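Engineer: how would this look folded up:
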Amino acid sequence: MVDEFQDINPLDLKLIDTLRKVNQSSLLIVGDDDQAIFEWRGSTPNFIVSPDSHFGVSFESHKLEMNYRCPKNIVEHSQKLIANNSFRVAKIVTPKQSTNAKIIVETYETHMDSIQEVLNLAKFAQENNERKAIAVIGRKKSQLIPLQILLTSNNVPFYAKQDLNVLLSYVFGDLKEILSTIATRHERRQPKDVCNSFLRMINKAGTYDLRREEQKKLFQYLILKRPHTILDALNYFGSFDGSLRGKSGVSETLKYYEAIKNVLACDTAADAINEVGIEFAGFRKHFAKSEDDIFYKEPPFMYLAEYATRYADDFFCFHRSR
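Structural biologist: You can find the predicted model right below:
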């Protein structure tokens with residue numbers, strides 16, 4: 001028996017079919033084609049809608065059309081919505097419950113307006129000691145990241161799965177460091193600290209860190225120049241006679257220089273976040289890296305920039321949100 005069959009991908013299908021054949025067993029599959037939402041990882045409702053064609057045997061189908069979980073009007077609304085899907089098994093789902101839920105639909109001009117309303121609801125429940133659970137879902141995971149920052153900065157406790165919690169993301173920490181570097185670009189520091197900060201910026205300007213020998217060569221070059229600000233380091237880097245080669249073998253020194261120059265020129269936190277998203281390849285969507293860090297699943301620059309507009313030239317807004 002295989003439950004949640006609508007979630008399987010081609011590799012799962014092959015494994016199940018192999019086990020069935022090796023053991024000469026019958027097969028019972030249970031699932032709901034209307035809940036097939038993992039197309040991005042290879043799943044398809046076709047496996048459960050037409051299992052005969054995939055296993056080469058005949059299946060007898062049984063529909064379970066009684067819904068025991070949801071209030072009556074929730075079931076009715078969900079059926080109207082899912083009926084827009086053309087490729088599905090037709091069903092007449094009947095609610096067991098006769099009571100209706102209270103449904104309120106609100107629209108907002110911006111995404112930040114909507115999450116501000118969630119914050120207001122959460123703060124109201126907290127201040128009035130109401131033991132309420134408020135669940136928030138989004139079409140994209142990146143839409144939830146500004147809400148996490150907003151809740152944290154207002155000392156409102158929340159729970160998020162580990163792979164959804166941006167506060168546990170090391171890439172989010174890197175972004176905060178970049179914003180801090182922009183904010184202090186005119187401040188004098190020890191040359192070694194400046195050189196290390198500049199190298200970290202370069203490593204985020206590219207998809208991957210520089211090779212060790214390249215980092216060593218660039219650090220030695222910069223430290224001899226004794227830069228006291230990050231802008232000093234950028235100016236010296238513009239005259240760097242060594243090449244930083246990408247995977248293609250073409251020197252990318254100029255590309256790094258232009259990217260960092262454009263980021264350091266930003267005067268507001270929102271502009272800086274947008275510019276980092278455009279210029280720094282190390283923060284862009286990356287499927288391989290997304291297994292380890294939520295930030296790479298769907299980089300939230302658009303939503304973070306919208307959140308940061310309220311802070312103008314205060315680049316440390318995210319540090320206080322931690």
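Engineer: Could you pick out the longest helix of this protein?
Structural biologist: Assignment by DSSP state H gives helix 111-127 as the longest helix of the chain.
Engineer: For it, which helices and strands make contact with it?
Structural biologist: If contacts are counted by 3 or more C-beta pairs under 8 Å, 6 or more residues apart in numbering; DSSP states H and E, helix 111-127 sits against helix 145-153, helix 301-308. C-beta: built from backbone N, CA, C; applies to glycine.
Engineer: Those helices: lowest mean pLDDT?
Structural biologist: Within the helices and strands packed on helix 111-127, the stretch with the lowest mean pLDDT is helix 301-308, showing a mean of 78.
Engineer: Pull out the buried residues from that one.
Structural biologist: Buried residues in helix 301-308, counted by 16 or more other C-beta atoms under 10 Å: 301-308.
Engineer: before we move on, back to that, generate CSV for the helices and strands packed on helix 111-127, with distance to residue 262 as supplementary columns.
Structural biologist: Listed next are the helices and strands packed on helix 111-127 as CSV, based on distance: least, C-beta to C-beta, whole Å:
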stretch, distance to residue 262
helix 145-153, 24
helix 301-308, 14
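Engineer: Point out the one among the ones you listed that comes closest to residue 233.
Structural biologist: helix 301-308 (24.6 Å; C-beta to C-beta).
Engineer: Residue 268: what's it in contact with?
Structural biologist: Residue 268 makes contact with 308-309, 312-313, according to C-beta atoms under 8 Å, 6 or more residues apart in numbering.
Engineer: for residue 94, same thing?
Structural biologist: Going by C-beta under 8 Å, 6+ apart, residue 94 touches 65-67, 75.
Engineer: Restricted to buried residues, select the residues you listed in ChimeraX.
Structural biologist: Remark: buried members of those, expressed as a ChimeraX selection using 16+ other C-beta under 10 Å:
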select :67,75
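Engineer: Filter the contacts of residue 94 down to the ones in strands?
Structural biologist: Cross-referencing the contacts of residue 94 against strands under DSSP state E gives 66-67.
Engineer: Quick one: the contacts of residue 94 as a markdown table, columns for pLDDT and distance to residue 228 too.
Structural biologist: Below are the contacts of residue 94 laid out as a markdown table (pLDDT from 0 to 100; distance: C-beta to C-beta, whole Å):
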| residue | pLDDT | distance to residue 228 |
| --- | --- | --- |
| 65 | 94 | 73 |
| 66 | 96 | 73 |
| 67 | 95 | 68 |
| 75 | 96 | 67 |
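Engineer: Now tabulate the contacts of residue 94 in JSON lines and tack on distance to residue 150.
Structural biologist: Shown next, in JSON lines, are the contacts of residue 94 (distance: C-beta to C-beta, whole Å):
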{"residue": "65", "distance to residue 150": "41"}
{"residue": "66", "distance to residue 150": "41"}
{"residue": "67", "distance to residue 150": "35"}
{"residue": "75", "distance to residue 150": "33"}
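Engineer: With respect to residue 259, which of the helices and strands packed on helix 111-127 lies nearest?
Structural biologist: Across the helices and strands packed on helix 111-127, residue 259 has its closest neighbour in helix 301-308 (14.7 Å, C-beta to C-beta).
Engineer: Present the buried residues of helix 301-308 as CSV; the columns should include distance to residue 197.
Structural biologist: Converted to CSV, these look like this (distance: C-beta to C-beta, whole Å):
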residue, distance to residue 197
301, 21
302, 26
303, 26
304, 21
305, 23
306, 27
307, 25
308, 21
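Engineer: ok, for residue 3, nearest residue in space, not its chain neighbours?
Structural biologist: Excluding its sequence neighbours, the residue lying closest to residue 3 (C-beta to C-beta, 6 or more residues apart in numbering) is residue 30, at 4.9 Å.
Engineer: and what of residue 257?
Structural biologist: Excluding its sequence neighbours, the residue lying closest to residue 257 (C-beta to C-beta, 6+ apart) is residue 238, at 5.6 Å.
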